[in-house]
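[1] test case, fold it:
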Amino acid sequence: MKFGMQTPFNERTPPELIGGAGQIAEELGFDSFWVPEHVMFFPEYASRYPYSEDGKIPGTPTSLIDPFMALTWVAAHTSKIRLGTGICLVPQRQPVYCAKQVADLDYLSGGRFEFGVGIGWLKEEFESLGVPWPRRAARTEECLAVMQTLWQDDLANFSGEFYTVENAQQGPKPVQQPHPPILFGGESKAALRRVATVGQGWYGFNLTPESFAAHLVTLDGLLEQAGRSRADLAIYVSPNRDHLNAESVRAFGELGCQQIITGVAAASLDRFRERAEATLARLM
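    The predicted structure is shown next:
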């Protein structure tokens, strides 16, 4: 079993903590380092956060540092640990620019980037960005198709419902070929269908071994329909915090999870190291 770490950074996070957190994670043997994305938050919102009983995101977040900026900073301070977006809100982004950020980060990190993606849950964020909320799933798939031609083709061409690219060149290309792995977040049947048809992996969040097993039944059926199998995918899980222990790690592993990703955050490097060490001890 591999272990990853997810850490949010905001305006109160000093740059030395961002780079140092990556170094600590790498030193302690974590396999990957993940950073979430939201370009804005709202003190009041009608959208329902899918991972809490009251539908509200925990705490009172006001900002997050852009994940590509944060991960580039972490890449500059590390040499081995994998780097991931957990999760990049693809339909909110212009795909040509996003393709460039993904490729540049993979290039600068020496091929260490994993592209965790999702369709978003915060409608107010979409509205503030001027991005339509309806059909965001279709927009996501088209964004990824645009990115793939830019990553893979010397002369990129794409024509779709939302975007058109004609005879365009973009570089550098990603180090990982044909491109960095795309892992879909989400636990709905629609999200798992995207995993089965488009993705190279699944990043399940807030799961217990029991809910993970149930989702795998759905995923296996969708993979069979797509002519694929779980052997084609990376399967990562961020467990429900109440099920974050060595026993659940064994259970997740027996079910087919390849990597457990846990949240670690602190206001100082000393405290960050303490929490990271405690997390590993709890998992192992």
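
[2] average pLDDT for stretch 238-245?
    Computed over stretch 238-245, the mean pLDDT rounds to 89.

[3] all strands of the stretch 151-284 of the chain, in order?
    For the stretch 151-284 of the chain, strands defined by DSSP state E, counting those that start in this stretch occupy the ranges 156-159, 164-168, 182-185, 201-207, 234-239, 259-263.

[4] can you list the strands that the last one pairs with?
    Translated: strand 259-263. Each strand that strand 259-263 pairs with, and the sense of that pairing, follows from DSSP bridges: strand 2-6 (parallel), strand 234-239 (parallel).

[5] can you redo the strands of the stretch 151-284 of the chain as CSV with mean neighbour count?
    Quick note: C-beta positions are derived from backbone N, CA and C, even for glycine. CSV is the format used below for the strands of the stretch 151-284 of the chain (neighbours: other C-beta atoms under 10 Å):
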stretch, mean neighbour count
strand 156-159, 14
strand 164-168, 12
strand 182-185, 24
strand 201-207, 22
strand 234-239, 24
strand 259-263, 22
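
[6] in JSON lines, list these along with distance to Gly130.
    Listed next are the strands of the stretch 151-284 of the chain as JSON lines, based on distance: least, C-beta to C-beta, whole Å:
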{"stretch": "strand 156-159", "distance to Gly130": "22"}
{"stretch": "strand 164-168", "distance to Gly130": "19"}
{"stretch": "strand 182-185", "distance to Gly130": "23"}
{"stretch": "strand 201-207", "distance to Gly130": "27"}
{"stretch": "strand 234-239", "distance to Gly130": "31"}
{"stretch": "strand 259-263", "distance to Gly130": "31"}
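
[7] among the ones you listed, which comes closest to His38?
    Relative to His38, the nearest member of the strands of the stretch 151-284 of the chain by C-beta to C-beta is strand 182-185, separated by 13.3 Å.
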